Structure formats: structure tokens, C-alpha cells
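Engineer: Take this sequence and fold it.
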Amino acid sequence: MASIRHSVQLGVWLCVLGFVLAQDQSKYFGSKDDSFHRCQVGDFARVPCGDTGITSADCEALSCCFDQQCYYANEVTVHCLRDGQFMVVVSRAATLPLLDLGSVNLLEGHSGGYCGPVSASPAFVVYQFPVSACGTTVRVEGDYVVYENRVSSTYEVGVGPLGSITRDSVYELDFQCRHFGSEVVSLVAEVNTVPPPLPVAAPGPLRVELRLASGQCEAKGEKGGKGCADADVYSDYYRDADYPVTKVLREPVYVEVRILERTDPNIVLLLEDCWATSTSSPLSLPQWSLLVDGCPYHDDRYQTTLVPVDGSSGLPFPTHYKRFIVQMFTFVDSASLVPLKEMVYIHCSTQVCHPTATDHCEQRCSDRKQRRSIVPVGKHSTSEKAVVSSKAVMVTNTEPSGQRLHSAVPQSLGVGLLGVAACVMLVSILALALTCIKRSQVEPKV
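Structural biologist: Numbering: from 1, shown residues only. Below is the predicted model:
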């Protein structure tokens, strides 16, 4: 019986060891994926970091990457030099969409002999300046003297009659050097938060639904824009639990408007106007036009793309559907021109059209003015109209973590399942051995 107890204890310890190894593997693969992303810099785009002959450990201590040589990562790196200078290295891959390095400035812009970049390339820009220059503020905190500056980017704003938007990355980074005797400590604080509001939908009297497709290409298993045609990305749609949906600036938003609970093949859904607001109310301000009279808003630099829906779509009633693609944006305060970082809701005014001999219910847009040229409104149904709205879409400056860790999850999960299987097998063997021993003890002697 003592040997059995030792065997059971050994099995329990092996189970615990299996779970510990599974957790370690998960942490390893996740950190490896993050390191690969920030260190994935092309050979010709790399900016050397540290002194010549620096070791791998010293390179990582500088928050840099090491691959035969030490180089700066795809992020913003701040070094406080012992000769009383800041060194700031900015990567264009620090944001999504990619940062416009020509728009990056310090607090005093590029004025003065020290405040411009000391070197620049298509992938990186490097600033090096004294801690007392370029608008740096100084204050005393106990035994520390704190020098603080800011690097920020400008952005292009599109101004419309009812609101303003931007699709450029907005980047702000406050950085400090804290001096105490001969010690130099770097401190970086990034400020860009997104509030989490609740999704809201606005129904209308006509049973029409506005929904967003995820952009998953069913035929190729890819995301839209990577080998998928526009019509192929409308195979998978976000569910209620997925909202608010997060998108980065300029990322495609796949919109579909459809008639519900109607089987008449002779009716046609028309989109009159489509617009975006920062709240769930279609009447709220600010607003940004997406479609005007069914055609892309011509004053938008990134015009809305109309996606044709015909018999090749495989839908039972293709005339009951309208689809278009919008590149993600965020609203801008009309006075300060500061991005509001609020939700974006999409609204469309819809109408049901009954074709006749003189009205085929077609909406045609000219390339020059992007206006509807042939839609006789007199034949349209005046009783079947509705304004339909989407749920919340949230703008973010980073990739969804599920995409970046996608490759790490199956490996760590496999290790965990292997550990569980080993534990189950070991316990089964011990139980079988215990049963055999008990049977041998109760057999009658001959």
C-alpha cells in the first residue's frame, strides 16, 4: 500500500508539472509574438542603437532589438543621455495607419538649431537635443529635477457642412528625464484613451436592417483587401455581442442595408442619403456625409465605395440589398480640431421603389460629380420609407490583440491538452494497478 500511495503522489506532481509547463509555454509564445512584431524591421531600414560591439543583453536593456547588431524597434524610443540630452527615435510603424514622419514635432516645432531631426529615413526619424531646449519644461520633485517634452503629429482634417473628420493617425507622447545626482532615469507616458460607450440601434417603420460585415472572405479564408473581391467579404457579419466593433483609421467598414420579411422580387431598395454621427441619434451633430442621393459624397477625399449586388451574389432577392464600403475615420472638434475619439454610428435613409415602364429604379452616379443622374422620384413609394442605423463602431490606434496572438494560441493550447492527456493516462494506469493488487489479496489460498 505504501508503494501505491507513492505512485499516486507521483501522478499528482506530474499533473501539476504539466499545467505549469503549459502556462510557461503560453507566456513564451505570446511574448515571442510581440517581440517579433516590434523587431520586424527591414535590414536597410534599421537605425543602429547603442555603441559598436554592444551585447544582446545591453541592447535589450536599451529597449532595442538585436539581430547580429543592435537596432531600434518599430515604436517610439526615448533615451536620456548622460551629457544632458534627449534622444528620441520615432518609427512610422508606431501607429496604424502608418505615421507621417514629416508631421512629427516637438513642443517648439522645428524652430531653433536643435529642434529639427538629426537624421531621417522613410521608416524612422531621430531627434537629439539638450534637455533645456525645444520647449522642454523643468520642475523639481523632491530630490529629482524633471525635464519634460512632448512629441506629437499633425493631421489632415476634412471639413464638411455639418461636421469634420480625419483619417490620419494622431500621436502624442509625453516623455521625461529625471535626474538625481549621477543617475539618469527615463520615463515615458502615452496619452490616448478611448471611452467604452454602449451600442444603440434606431429602428424605422419599414423593416430595414443596417448591419456590418466582418470582412472575412469565405472563399479564401482571408480578410478583405488581401486577395478578396469587394463582393466576397459579405459572408460573415458581426453579432450583437461583438459591438462596439473596433477599427483603426482608414480600415474598411463593410456596410449592408437590406429589406426584412419581404419576398416580393419586384421591389427595389434605394438609399437616399447615408451619413455618420458620433451618437446613436441620426439627427445629432457633428455629421459626415457618406452617400448623397445614393452616390458617394464628392467632398470626401476617401470616397465611399459602392458594391454592386446582382444575381451573381447568390442572394434570393438581390434587389432587396445595398452595400458600400467606408474607410474608418474619427470626428474632430470644429473649434480646436482635436480628434474626439468618440463612437461612429452609420445611418441611412431608405426607400422602396416599384419599377415601372418609365422608372427602372436605378441610381446612376457620374464619375465627375458623383451625383445621381437618373432616378425619377415621382414613381417611388411614399409610404415605405425608413431611417436605419448601425450599432457602435469604435476607433482605436492599435491592432486587435486577437490578430497578433493568433499564431500563439494553438501552440500553447496544444501543450496544455498534452499535459491533461498525460495526467488522465497516468491516473488510469494507477487505478488499474490498484484494482489488480486488491484482487490478488482477496483470492483464496489453495
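Engineer: contacts and neighbour counts: CA atoms only from here.
Structural biologist: Fine.
Engineer: where in the stretch 51-200 of the chain is pLDDT low?
Structural biologist: Where the stretch 51-200 of the chain drops to pLDDT under 70, the residues are 111-113, 181-200.
Engineer: could you pull out the helices for it?
Structural biologist: 56-61 (DSSP state H, counting those that start in this stretch).
Engineer: What residue spans form the domains of this structure?
Structural biologist: For the chain, the structural domains run 56-190, 208-395, going by automatic domain parsing.
Engineer: do you know which of these lies nearest G42?
Structural biologist: The closest of the domains of the chain to G42 is domain 56-190. By C-alpha to C-alpha, the value is 9.3 Å.
Engineer: buried stuff in stretch 162-182?
Structural biologist: 163-179 (16 or more other C-alpha atoms under 10 Å).
Engineer: hmm, back to that, now tabulate the domains of the chain in a markdown table and tack on distance to R46.
Structural biologist: Formatted as a markdown table, these follow (distance: least, C-alpha to C-alpha, whole Å):
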| stretch | distance to R46 |
| --- | --- |
| domain 56-190 | 6 |
| domain 208-395 | 26 |
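Engineer: Of all these, which one comes closest to P48?
Structural biologist: Proximity to P48 (C-alpha to C-alpha) singles out domain 56-190 among the domains of the chain, at 4.4 Å.
Engineer: Who are the contact partners of the spatially closest residue to V159 that is not a sequence neighbour?
Structural biologist: Leaving aside its sequence neighbours, V159 sits nearest to I165 (C-alpha to C-alpha, 6 or more residues apart in numbering; 6.8 Å). Neighbouring residues of I165 by C-alpha atoms under 8 Å, 6 or more residues apart in numbering: 157-159, 288, 329-332, 339.
Engineer: ok, now which ones touch S235?
Structural biologist: S235 is in contact with 213, 215-218, counting by C-alpha under 8 Å, 6+ apart.
Engineer: Quick check: R139 touching Q176?
Structural biologist: No. R139 is not in contact with Q176 according to C-alpha atoms under 8 Å; the separation is 10.8 Å.
Engineer: what is in contact with the two at once?
Structural biologist: Counting by C-alpha under 8 Å, 6+ apart, the contacts common to R139 and Q176 are 146-147.
Engineer: before we move on, back to that, where strands are concerned, which of the contacts of S235 count?
Structural biologist: 213, 216-217 (DSSP state E).
Engineer: Out of the contacts of S235, which is nearest to V248?
Structural biologist: Nearest member of the contacts of S235 to V248, counting by C-alpha to C-alpha, is G215, at 13.9 Å.
Engineer: count of neighbours near the closest one?
Structural biologist: 24 (other C-alpha atoms under 10 Å).
Engineer: quick one: it and E256 touch, right?
Structural biologist: No. Look at G215 against E256 with C-alpha under 8 Å: they stay out of range, at 11.6 Å.
Engineer: can you pull the contacts of P339?
Structural biologist: Contacts of P339 by C-alpha under 8 Å, 6+ apart are 165-166, 170, 330-333.
Engineer: To clarify, my last question referred to L270.
Structural biologist: L270 sits next to 294, 322, 350-353, 361, 363 when contact means C-alpha under 8 Å, 6+ apart.
Engineer: now do D43
Structural biologist: Contacts of D43 (C-alpha under 8 Å, 6+ apart): none.
Engineer: quick one, phi/psi of it?
Structural biologist: phi -60, psi -40 (degrees, to the nearest 10).
Engineer: which stretches of the stretch 301-446 of the chain form helices?
Structural biologist: Using DSSP H, counting those that start in this stretch, helices in the stretch 301-446 of the chain cover 401-404, 408-442.
Engineer: who's R178 bridged to?
Structural biologist: V146, V185 (DSSP bridges).
Engineer: Check whether it really touches E141, as I assumed.
Structural biologist: No. Using C-alpha under 8 Å, R178 and E141 do not qualify as a contacting pair, with a distance of 9.1 Å.
Engineer: picking up where we left off before, ranking by neighbours, what's the top pick from the contacts of S235?
Structural biologist: That'd be G215 among those, by other C-alpha under 10 Å, with 24 neighbours.
Engineer: Any figure for the gap between that residue and C228?
Structural biologist: Distance of G215 to C228, given as C-alpha to C-alpha, to the nearest Å: 9 Å.
Engineer: before we move on, back to that, format the ones in strands among the contacts of S235 as JSON lines; extra columns: distance to M343 and pLDDT.
Structural biologist: What follows is the ones in strands among the contacts of S235, written out as JSON lines (distance: C-alpha to C-alpha, whole Å; pLDDT from 0 to 100):
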{"residue": "A213", "distance to M343": "18", "pLDDT": "94"}
{"residue": "Q216", "distance to M343": "23", "pLDDT": "82"}
{"residue": "C217", "distance to M343": "26", "pLDDT": "75"}
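Engineer: Can you redo the residues you listed as CSV, where the extra columns are distance to Y72?
Structural biologist: Output for those, formatted as CSV (distance: C-alpha to C-alpha, whole Å):
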residue, distance to Y72
A213, 38
Q216, 34
C217, 36
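Engineer: Quickly name whichever of those is closest to V88.
Structural biologist: For the ones in strands among the contacts of S235, the nearest to V88 is Q216 (38.7 Å; C-alpha to C-alpha).
Engineer: quick one on the thing from earlier: partners of the residue nearest to V159 in the sheet?
Structural biologist: With DSSP bridges as the criterion, I165 is bridged to G158, F331.
Engineer: So that it lines up with my notes, have the first residue be 40 from now on.
Structural biologist: In the new count, where the first residue is 40, that last one comes out as I204.
Engineer: now the strands for the stretch 90-239 of the chain?
Structural biologist: Along the stretch 90-239 of the chain, counting by DSSP state E, counting those that start in this stretch, strands occupy 104-105, 109-110, 115-120, 124-130, 143-144, 158-159, 163-169, 176-180, 183-192, 197-198, 203-205, 211-219, 222-229.
Engineer: Can you point out the buried residues in the fourth one?
Structural biologist: Neighbour counts over strand 124-130 (16+ other C-alpha under 10 Å) mark 124-130 as buried.
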